[in-house]
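J.: Kindly return the folded structure for what I paste below:
(one chain, ligands or ions: 1)
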Amino acid sequence: MTDTGLHIDLDPHDFPALHRDLLAWFAAHAADLPWRRDRDPYLVWLSEIMLQQTQVTTVIPYFERFVARFPTVEALAAAPLDDVLKLWEGLGYYSRARNLHRAAQVVVQELGGQFPPTVEGLMALPGIGRYTAGAIASLAFGADAPVLDGNVIRVLARLFDVAEDARETATLKALWALAERLVPPGQAGPWNEGLMELGRTVCTPKSPNCPHCPIAAHCTAFALGVQEQRPVKAPKARTPHYDVTAAVITRDDGQVLIAQRPLDKMLGGLWEFPGGKREPGESLQACLRREIREELGIDIEVGAQIGTVRHGYTHFRITLYAFACTLTGGTPQAIQCAAWTWAAPDDLELYAFPVTDQKIIAMLRDGGGQIGMDLGL
Ligand code: SF4
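T.: As a prediction, this is how the structure comes out:
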């Protein structure tokens, strides 16, 4: 057991040679990404938040649109949250956008527009955890701070043949200690980015490209032929699945009722077709009538099914059933939602919707047949 807390032997590893090989590779092979052209803390922060749980290729157009609309932290802080959510639409994990907006306001209103240069200072901002703080501190401020994301965990677990379960808190703590020991003083930025880039492009989860890896000579798992078995991950519990209903309620003038999700809930602040989760033994139609009564205090008649959307979130999966509905009694009230409004079909694009509801809108537009025509879509 080393002082990192892992059952690995660090002695045979030549850290200076490892640093030299990875840094040289990264200097020669770093992808030209828009957030790498300027190490401004605002741009580094924005890119790191967008890259959480999201592929680089997905992030690029979002990053460019976001920076064009909010070129500075001041511009972001001054924007309405709705505008921020709208630009974030489709990127998922919307709490990131809400925290981004709040953190921008803290930086502008309490810190004179300057991001803190230390890991501790950065972690005091909303939405910034240890990984993101380490990335900003090292990339934007040159601090000797480590990072540990999924890519780095995989590279380190292979490089040092870590046999402990990488999902365990104790293992993660030990990997943080290892990552900290490994940072070459004064070069944390390119070292961290190099590790992440290697994990993304060479040391991939399946079939790592070991023959072309710049640090293969340092890699214990490769030497032992066990790289595909690292990192060790105990099997996950089965992901739960829920049936969810959504009502596309239209009134005579063709306007559609949409509701805004509570800010403190998942997907908070986004707009949606109201509805909710089916209870055991409940029909989809009964579920929808109950949910709409609970959420908005109105009665509806449930008509034809518009379509079905399947979607996976981090901890569960859903099947969303959308129905065309009409209002039969009552006036909407924001009981279990932040707000509600009637929107003309052409105006739906002005609101930020989760990807599931965007698919319903697309169905209404493209394949909704008679229902879409009735809605003027
Ligand atoms: Fe990953 Fe293979 Fe390189 Fe080891 S040699 S770091 S397993 S790509």
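
J.: secondary structure class for Gly268?
T.: At Gly268 the chain is in coil, as set by DSSP: H, G, I helix; E, B strand; the rest coil.

J.: which ones are touching the residue nearest to it when sequence neighbours are not counted?
T.: Distances taken as Cβ to Cβ, 6 or more residues apart in numbering place Arg261 nearest to Gly268, at 5.4 Å, with adjacent residues excluded. Placement of C-beta: from N, CA and C, glycine included. Applying Cβ atoms under 8 Å, 6 or more residues apart in numbering to Arg261 gives the contacts 267-272, 337-338.

J.: Same check on Asp165?
T.: 171, 232-234.

J.: Buried ones among the contacts of Arg261?
T.: Neighbour counting by 16 or more other Cβ atoms under 10 Å classes 267-272, 337-338 among the contacts of Arg261 as buried.

J.: how many neighbours does the residue of the stretch 251-377 of the chain found nearest the ligand have?
T.: Minimum separation of the stretch 251-377 of the chain from the ligand (Cβ to the nearest ligand atom) falls at Thr314, amounting to 25.7 Å. The tally of other residues near Thr314 (other Cβ atoms under 10 Å) stands at 9.

J.: pLDDT value on it, please?
T.: With respect to pLDDT, Thr314 has a value of 84.

J.: Just say helix, strand or coil for it.
T.: coil.

J.: Would you list the phi and psi of it?
T.: phi -60, psi -40 (degrees, to the nearest 10).

J.: Could you report the separation of the closest residue to it other than its chain neighbours from the ligand?
T.: Of all residues beyond its chain neighbours, the one nearest Thr314 is Gln53 (7.6 Å), with distances taken as Cβ to Cβ, 6+ apart. Here Gln53 is placed at a distance of 22 Å from the ligand (Cβ to the nearest ligand atom, to the nearest Å).

J.: still on that earlier bit, among the contacts of Asp165, which one is most surrounded by other residues?
T.: That'd be Thr171 among the contacts of Asp165, by other Cβ under 10 Å, with 20 neighbours.

J.: got the contact list for it?
T.: Thr171 neighbours (Cβ under 8 Å, 6+ apart): 6, 162, 164-165.

J.: Then Ala157?
T.: 166, 175, 221, 230-232 are the contacts of Ala157 under Cβ under 8 Å, 6+ apart.

J.: ok, back up a step: what is the nearest of the contacts of Thr171 to Arg289?
T.: The closest of the contacts of Thr171 to Arg289 turns out to be Asp165 (Cβ to Cβ; 46.0 Å).

J.: who's the closest one bridged to?
T.: Residues in a beta bridge with Asp165, per DSSP bridges, are Val232.

J.: can you map out the strands along the stretch 201-350 of the chain?
T.: Here the stretch 201-350 of the chain has its strands, by DSSP state E, counting those that start in this stretch, at 241-250, 256-260, 271-272, 275-277, 299-312, 317-329, 339-343.

J.: In TSV, list those along with distance to the ligand.
T.: Below are the strands of the stretch 201-350 of the chain laid out as TSV (distance: least, Cβ to the nearest ligand atom, whole Å):
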stretch	distance to the ligand
strand 241-250	34
strand 256-260	45
strand 271-272	42
strand 275-277	42
strand 299-312	28
strand 317-329	31
strand 339-343	49
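
J.: In CSV: these, plus distance to Leu43.
T.: Formatted as CSV, the strands of the stretch 201-350 of the chain follow (distance: least, Cβ to Cβ, whole Å):
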stretch, distance to Leu43
strand 241-250, 37
strand 256-260, 30
strand 271-272, 29
strand 275-277, 39
strand 299-312, 30
strand 317-329, 34
strand 339-343, 33
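
J.: which regions of this structure sit below the pLDDT cut-off?
T.: The model of the chain has pLDDT under 70 over residues 1-4, 367-377.

J.: check which helix or strand covers Leu139.
T.: helix 130-141 (DSSP states H and E).

J.: does any bit of whichever helix or strand comes after that helix sit next to the ligand?
T.: Remark: after helix 130-141, the chain's next helix or strand is helix 150-159, criterion DSSP H and E. Yes: residues of helix 150-159 contacting the ligand under Cβ under 6 Å from any ligand atom: 155, 158-159.

J.: Quick one: name the residues of the stretch 51-200 of the chain near the ligand.
T.: Close to the ligand, as judged by Cβ under 6 Å from any ligand atom, the stretch 51-200 of the chain has residues 155, 158-159.
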